[in-house]
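In: When you get a sec, could you give me coordinates for this:
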Amino acid sequence: MPEVETHNKKILVVDDSLTIRMQVKELLEENDYRVILAKDGEDCLEILKDKTVGNLDDTEDKLLDDILYNLRLKYIQHAKAE
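Out: The predicted model follows:
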């Protein structure tokens, strides 16, 4: 039997639908991907920040903090508008 090459690459899946996230995760894992799930953009950025701690320089770290701040601000403004 030929040896199957596994790549074990990580993929971050972002979708607000739990059903879609789980279906995509299952499909990717069947193809030897390691899957990380995020429910929205803010969750995605938090995961990226957590996964890259120690790998970012000060400018990149500040940029991620600014993006997260702006996302939270937009979320609050959107919630107040509803």
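
In: State the next helix or strand along the chain beyond the strand or helix carrying E46.
Out: Per DSSP states H and E: E46 is located in helix 41-51. Using DSSP H and E, the helix or strand that follows helix 41-51 in sequence is helix 58-81.

In: Give me the packing partners of that next one, helices and strands only.
Out: Under the contact criterion of 3 or more C-beta pairs under 8 Å, 6 or more residues apart in numbering; DSSP states H and E, helix 58-81 touches helix 41-51. Heads up, the C-betas are built off the backbone N, CA and C, glycines and all.

In: what distance separates the helix it packs on from the centre of its chain?
Out: Counting by C-alpha atoms, centre = their mean, to the nearest Å, helix 41-51 is centred 6 Å from the centre of its parent chain.

In: Let me know the angle separating that helix from helix 58-81.
Out: Counting by axes from the mean of the first three to the mean of the last three C-alpha atoms, to 10 degrees, helix 41-51 lies at 160 degrees to helix 58-81.

In: ok so, going back, same for the helix holding E46, what does it pack against?
Out: Judged by 3+ C-beta pairs under 8 Å, 6+ apart, helix 41-51 is in contact with strand 10-14, strand 34-38, helix 58-81.

In: again, only this time at 6 Å
Out: If you count contacts as 3 or more C-beta pairs under 6 Å, 6 or more residues apart in numbering; DSSP states H and E, helix 41-51 packs onto helix 58-81.
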